[in-house]
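1. Give me a 3D structure for the following:
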Amino acid sequence: MTIGASLTSRRPRACVFAFQLLGQTFLTSALAASPQPTPAFASAAGRLSLIPRASSSRRFGLPLSPIVPHSRPRSLRGGGNSMASMSADASITLSDDLYDKRRTCSWTNPQIEGASAESHAIGGWLAHRVPPPSDGSKDWIDELELEGALAFAPPLPPNAPTHKPRILVLYGSLRPESFSRKLAFECARVLERLGCDVRVYNPQGLPLRDPAIESHPKVQELRGLSDWSEGHCWVSPEMHGEVTGTFKTQIDWLPLNTGSVRPTQGRTVMIAQVCGGSQSFNVVNTLRKLARWMRMPCCTNQSSVPKAWKEFEDGRMKPSEFRDRVVDVCEEFYKFTAVMRPYADFLVDRYSERKEKEEKGRLLTQAEKEAAKDAAAAKDAANNK
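-> Residues are numbered from 1 along each chain as shown. Okay, here's the model as predicted:
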């Protein structure tokens, strides 16, 4: 009997508590030490708190894992920290080897058709990776003609990042046969083929937005991945003419601002949707609006897959003009990100913010600005008496 099966056979309250306990334990014990600065997760009281690098308030610098499609599991690099050896205030970091079998945690990521067991790493970040076809043939993604994009090397300014573009993929359904997840996985595979460092977030277990539970492990995982990323790939089904609650909940948990700065600003984003019926563009239109509100430059191309249940077989997308469009969007997004990424900080360097820093010494939070306005209004009222 699996962990999930044994837990769900118990009383609901005990089941919820057990899943929460397992979540904190797995998310903490599965993260091994890394030789470079990475997000640290505090173990006290089972709460996870991300600590950004001092060199940048909006970069977490998760270590990169080689992007090799269909790669086999690798052995653990170096020793890891065990829960038994950790003190209450000790911290551990994300390993650069997310394929280690000992990190499999299928309790939050049930086996997905077509995915290898080793791909279910902590958080399911690499669950899109699949083994090579059993008949010895090539995967369709390996046969794509993408030489132009792969050779694309725009001029870089000084101090431009040289690591692979870091892409976070979000999808909007929890169903075992979720077509948005299947499409998200295909996008992740194409982006990996293009040379990106891709992580797919599994929304299973993410609670509804509630400021009282911001320390929840799934919330911290989502925010950490978003801060690590340099671009997003959003895929949502259409439900009642809009994005699903599952997808919107993920967006709601990403902070609109940290102090006075939107933490998502400057990151690129590509958008796609799946439809149960005829082709629609309601969701991609909403996703563009969300990206604009979050100050994320959105790729001009987009994908909408109608009658998604007819477009997939054994978890993979069948040859069609819709699949070709998905590749088009991923390729354009890769080029778009390659051009934008080196100038992300420059593009969001604003006159008003530079002026405020010069006058106030730093950027004020919205609460501080409102308090200053109230104080000025009270002072004026007192002077006018």
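2. Would you map the helices across this structure?
-> Assigned by DSSP state H, the helices in the chain fall at 3-8, 12-29, 147-150, 179-193, 217-228, 245-253, 282-293, 321-340, 344-347, 351-360, 366-383.
3. which one of those lies closest to His163?
-> Proximity to His163 (CB to CB) singles out helix 217-228 among those, at 11.1 Å. Every residue, glycine included, has its C-beta placed from N, CA and C.
4. May I see the helices of the chain arranged in JSON lines, with distance to Pro306, mean pLDDT and mean neighbour count as well?
-> Below are these laid out as JSON lines (distance: least, CB to CB, whole Å; pLDDT from 0 to 100; neighbours: other CB atoms under 10 Å):
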{"stretch": "helix 3-8", "distance to Pro306": "33", "mean pLDDT": "41", "mean neighbour count": "13"}
{"stretch": "helix 12-29", "distance to Pro306": "36", "mean pLDDT": "44", "mean neighbour count": "15"}
{"stretch": "helix 147-150", "distance to Pro306": "26", "mean pLDDT": "94", "mean neighbour count": "12"}
{"stretch": "helix 179-193", "distance to Pro306": "11", "mean pLDDT": "97", "mean neighbour count": "25"}
{"stretch": "helix 217-228", "distance to Pro306": "29", "mean pLDDT": "93", "mean neighbour count": "22"}
{"stretch": "helix 245-253", "distance to Pro306": "18", "mean pLDDT": "96", "mean neighbour count": "19"}
{"stretch": "helix 282-293", "distance to Pro306": "12", "mean pLDDT": "95", "mean neighbour count": "18"}
{"stretch": "helix 321-340", "distance to Pro306": "8", "mean pLDDT": "96", "mean neighbour count": "19"}
{"stretch": "helix 344-347", "distance to Pro306": "34", "mean pLDDT": "88", "mean neighbour count": "14"}
{"stretch": "helix 351-360", "distance to Pro306": "43", "mean pLDDT": "90", "mean neighbour count": "10"}
{"stretch": "helix 366-383", "distance to Pro306": "42", "mean pLDDT": "88", "mean neighbour count": "10"}
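5. and of those, who's closest to Asp135?
-> Nearest to Asp135 among the helices of the chain is helix 179-193 (18.5 Å), distances taken as CB to CB.
6. Mind giving me the packing neighbours of that closest one?
-> strand 166-171, strand 197-200, strand 231-239, strand 268-274, strand 303-305, strand 316-317, helix 321-340 (3 or more CB pairs under 8 Å, 6 or more residues apart in numbering; DSSP states H and E).
7. cutoff 10 Å now
-> In terms of contacts (3 or more CB pairs under 10 Å, 6 or more residues apart in numbering; DSSP states H and E), helix 179-193 is packed against strand 166-171, strand 197-200, strand 231-239, strand 268-274, strand 303-305, strand 312-313, strand 316-317, helix 321-340.
8. thinking Phe153 is in contact with Ala338, fair?
-> You called it Phe, but residue 153 is Ala. Yes: with contacts counted by CB atoms under 10 Å, Ala153 reaches Ala338, the gap being 8.1 Å.
9. Adding distance to Ala291, write the helices and strands packed on helix 179-193 out as JSON lines.
-> Converted to JSON lines, the helices and strands packed on helix 179-193 look like this (distance: least, CB to CB, whole Å):
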{"stretch": "strand 166-171", "distance to Ala291": "12"}
{"stretch": "strand 197-200", "distance to Ala291": "19"}
{"stretch": "strand 231-239", "distance to Ala291": "8"}
{"stretch": "strand 268-274", "distance to Ala291": "5"}
{"stretch": "strand 303-305", "distance to Ala291": "15"}
{"stretch": "strand 312-313", "distance to Ala291": "26"}
{"stretch": "strand 316-317", "distance to Ala291": "24"}
{"stretch": "helix 321-340", "distance to Ala291": "12"}
